[in-house]
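**Q** how would this look folded up:
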Amino acid sequence: MSVGWYLRRLSRMGPQEIAGRVSDSVRRRRWRSAPPDCPSVTGARFTAVLPAGTIAAVPADAAKRLVAEADRLMDGHAEFFGVVRDDMADPDWWHDPKTGRRAPSGYAFDVPYRSEDAVGDIKQIWEPSRHQYLTQLAAAYAITGNERYAERVAEHLRSWWSANPPLRGVHWISGIELGIRLLSWVWIRRLLDGWPGAAGLFEDNPVARNQIWHHQRWLAAFPSRGSSANNHVIAEDAGQLAAACAFDWFPESARWRAGALRSLDRQLRANTYLSGLNRELATEYHGLVLELGLAALAEADAAGVRVPATVRLVLLRMTDALAAIVDNRLRPPRQGDADDGHGLIVDGAGTDRWASLLSTGEAVFGRLDWWPEVRAGDVRTPLLAALVGPAHPSVSRPVERPAHFADAGMTILRGPEEIWCRCDGGPHGFLSIAAHAHADALSVEVRHDGVDVLADPGTYCYHGQPEWRQYFRSTLGHNTLRLDGADQSVSGGPFLWTRHAESRVLVADPSGEVARWSAEHDGYEGSVHRRRVELNPESQELRLVDEVSGPRRTVQLAFHLGPAITADLAGNRAQLTWTRDGEDRSAEIDLPEGLSWQAHRGESEPPLGWYSSGFGRKEPATTLIGTGSTDGAEGFTTVLRFRG
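**A** The predicted structure is shown next:
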């Protein structure tokens, strides 16, 4: 990174964080010498097994999906972030198949992992080494008893441990990677219980014990600090707690366990609004943190470790909040960054992540009457539910489905069952750097029966493609208004915002006869952008009014259509058509007459008209851009009408 980036990053830290990072730097230099040996361990045993009958509770369809996925993995096939791999029978742990580059060796903290030229795409290298595909193989063994799955897991773990000795290479750089990997190893050992080679692979294997000990030593020494204490620190704490509970073989285990539990309790509360929404305001990280928290809770309960009541309370609130914000197809908002990160994977392809989380929440906390119905089964729910103790929440849960989350600035407007609209009037992300925020103040997201009509385009990438990273997190990349060609908030780097637009909700009446919402933000110096949204359920009409106070400004008003939507733009009116479950659907959108409208699709210089369904994936989609100025304009009115 440039000197300017380091200065900008430093400016977002407080004195305590700076002191902690200086201490970390000193420790890294001290650790450059040969790492210490793992303490001698005798009589190590693994007792954190699943209760009898747990595997039998896995639904047949979920088991079938998992085994199909495991068989693909056994044949060497996998896909990570849109890149298909056929080498997973014998993977090179440091190779990036996307760029063809191989990460350099040497002391871990010397590896320039942010440089794609030097290392390759770091996400492509790190993801297989989270070993979540190995938890899938281990789960396939637990369900089928077929030892070929267990033998492949053992082969890959031994290969990884040999290729990645402590503190050497790219896999010893990031705490979130170590934390998730530890959680995977715990579940691999648990799911392999009953295989004759399980003890020889883990507790009776000095190489495995050395790896586990060094992972935990690393996490205890280098926690994510201050402005970086977001979902990363949750993953670090969850992995540390899981390992210290299930692999409690070391002199430090009790200390590591207690420290991880204290930190997890504190950080879950710090990362979560009282409403239950994650403070990063990036929905996929809400899912990641909830998965990690539930997995950590399961480990502590299984080990008989007393968990603070606030841990369960936060996870309960997060679960209820998730149930509240999903649309009728159980899809949550596409707000903020998304990198397809999961806490624990034991299911096959085709399993709905959000339905699975709600199923687990129902099993652990109990469902409320207003929760959406979840029909599909999964593997993870019976496994986690078998370990988690009974919940005794000392808090009243929502009697009706919440639609306005004041602390997070999120409001959900619903028309007839299939119309869903998210309005964003919340803070610009979490902590001083707002790492996973987008410049999307006052943006809306509209769906009809789960189909993106006015879509949040997504994330697509983090490292290596700065022009695409900038586009997908920009103001122009969202359904909101841009002034003078600038973003509402000022970016200082791919995970750094140096000035944050401040928004406030003025009206939130989602349950009125006509649902109403209004908010404003101050992201443009000298001007205020205010937006009003009204949803009339009877006429199935959504009305948006944008107003700008202050001096004359050039205006760009963007509406991003989902990839399933075909648009026919004529003047300031567009006819929208799509198909859902074999049925033709349609709508029309009347765009503000005071602006000049143009449709864009799949453009690259500069990027415009794209939709990312998942990390590393993008496809062309139509974006409608209206250009003009605020001069003489009392407001810009947009009307979206759905046809019955």
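
**Q** quick one: what helix or strand has Thr638 in it?
**A** Using DSSP states H and E, Thr638 maps to strand 636-642.

**Q** quick one: that strand to chain centroid distance?
**A** Chain-centre distance of strand 636-642: 31 Å, with Cα atoms, centre = their mean, to the nearest Å.

**Q** and if you look at stretch 386-397?
**A** Worked out by Cα atoms, centre = their mean, stretch 386-397 lies 25 Å from the chain centre.

**Q** Can you pull out the residues in contact with that stretch?
**A** With contacts defined as Cβ atoms under 8 Å, 6 or more residues apart in numbering, stretch 386-397 is touched by 50-51, 54, 57, 294, 297-299, 301-302, 309, 312-313, 316-317, 320, 364-366, 368. Every residue, glycine included, has its C-beta placed from N, CA and C.

**Q** nearest residue to Val84 other than its sequence neighbours?
**A** Closest residue in space to Val84, ignoring its immediate chain neighbours: His77 at 7.4 Å, by Cβ to Cβ, 6 or more residues apart in numbering.

**Q** ok, back up a step: could you list which of the contacts of stretch 386-397 belong to strands?
**A** The strands, defined by DSSP state E, take in nothing from the contacts of stretch 386-397.

**Q** if I pick the closest residue to Val548 other than its chain neighbours, what's in contact with it?
**A** Leaving out its chain neighbours, the residue that sits closest to Val548 by Cβ to Cβ, 6+ apart is Thr630, at 4.7 Å. Thr630 is in contact with Leu483, Ser527, Val548, Gly550, Arg552, Arg553, Val555, counting by Cβ under 8 Å, 6+ apart.

**Q** Let's have those in a markdown table, adding pLDDT.
**A** Listed next are the contacts of Thr630 as a markdown table, based on pLDDT from 0 to 100:
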| residue | pLDDT |
| --- | --- |
| Leu483 | 97 |
| Ser527 | 95 |
| Val548 | 96 |
| Gly550 | 91 |
| Arg552 | 91 |
| Arg553 | 94 |
| Val555 | 96 |
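
**Q** Which of those fall in helices?
**A** Counting by DSSP state H, no part of these is found in helices.

**Q** Selection in ChimeraX covering whichever of those are buried, please.
**A** Selection of buried members from the contacts of Thr630 for ChimeraX, criterion 16 or more other Cβ atoms under 10 Å:
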select :483,527,548,553,555
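
**Q** Determine which two of the contacts of Thr630 are furthest apart.
**A** Gly550 and Val555 (12.0 Å; Cβ to Cβ).

**Q** those helices in the stretch 151-300 of the chain, which residues are they?
**A** 175-191, 198-201, 206-221, 231-246, 253-270, 283-302 (DSSP state H, counting those that start in this stretch).

**Q** Now do the fourth one: distance to the chain's middle.
**A** Taking Cα atoms, centre = their mean, one finds helix 231-246 lying 17 Å from the centre of the chain it belongs to.

**Q** Let the chain start at 24 from now.
**A** OK, 24 is where the count begins now, so the last one is helix 254-269.

**Q** could you dump that helix to PDB, C-alpha only?
**A** Taking Å, rounded to 0.1, in the frame of the first residue of the first chain, the C-alpha atoms of helix 254-269 are listed here in PDB:
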ATOM      1  CA  ASN A 254     -16.500  -9.600  12.000                       C
ATOM      2  CA  HIS A 255     -12.800 -10.600  12.000                       C
ATOM      3  CA  VAL A 256     -12.600 -10.500  15.800                       C
ATOM      4  CA  ILE A 257     -15.800 -12.600  16.100                       C
ATOM      5  CA  ALA A 258     -14.200 -15.300  13.900                       C
ATOM      6  CA  GLU A 259     -11.000 -15.100  15.900                       C
ATOM      7  CA  ASP A 260     -12.900 -15.500  19.200                       C
ATOM      8  CA  ALA A 261     -15.200 -18.200  17.900                       C
ATOM      9  CA  GLY A 262     -12.300 -20.300  16.600                       C
ATOM     10  CA  GLN A 263     -10.200 -19.800  19.700                       C
ATOM     11  CA  LEU A 264     -13.100 -20.700  22.000                       C
ATOM     12  CA  ALA A 265     -14.100 -23.800  20.000                       C
ATOM     13  CA  ALA A 266     -10.500 -25.100  20.000                       C
ATOM     14  CA  ALA A 267      -9.900 -24.300  23.700                       C
ATOM     15  CA  CYS A 268     -13.100 -26.200  24.500                       C
ATOM     16  CA  ALA A 269     -12.800 -29.200  22.200                       C
END
